[in-house]
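Asks: Return a 3D structure for these sequence lines:
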Amino acid sequence: MGVPVFYDDGLRHVFAHTCGVGRWKKIVVGAAWAKILPRFQAAILAHEVGHVRLKHHEARFLRFWMLLWPPSASKFYREQEHEADLFAAKMGYRQALIELYQKMDGFLDLYPDPENEEHRIIRRVQRFYNPELKERIARLQKGD
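Replies: Prediction:
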């Protein structure tokens, strides 16, 4: 199953994401895409393909209860991120993901901007949907 990849130069704060369901699934890469090394691009694509192959978007549509209880939604999304990481790891991108997450963690620690409202919103959304980078690194290193 091929998944089309689209470029969106308005996507500034993430490398890539998946969207759509069924045969309308696609991977969207953003402006930061061109700034990362090809091995990291391949690892990110493997992670996003993991979301597609594991049918994460379909599972989200079936979980309407998550709208009523946001903490359970956050836990659900974070677990899907771990599953997609492990999918990419099984495809041979474990070390590339670990290195990428280490670089991202260092960058986020070096350049916090609590005065910038956009930055605060992005960090809040990131924490809701994504596990902490140190946690992702540890799970990848552990292999589960």
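Asks: Strands of this structure, residue ranges please.
Replies: 5-8, 16-19, 26-30 (DSSP state E).
Asks: With Glu81 as the reference, name the closest of these.
Replies: Comparing these against Glu81 with C-beta to C-beta, the closest turns out to be strand 16-19 (11.1 Å). Backbone N, C-alpha and C define where each C-beta goes, glycine included.
Asks: who does the closest one touch, helix- and strand-wise?
Replies: In terms of contacts (3 or more C-beta pairs under 8 Å, 6 or more residues apart in numbering; DSSP states H and E), strand 16-19 is packed against strand 26-30, helix 38-53, helix 56-61.
Asks: Could I get the buried residue list for that strand?
Replies: Across strand 16-19, burial judged by 16 or more other C-beta atoms under 10 Å covers Ala16, His17, Thr18.
Asks: okay if I get these as TSV plus pLDDT?
Replies: As requested, the buried residues of strand 16-19 are exported to TSV (pLDDT from 0 to 100):
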residue	pLDDT
Ala16	83
His17	81
Thr18	83
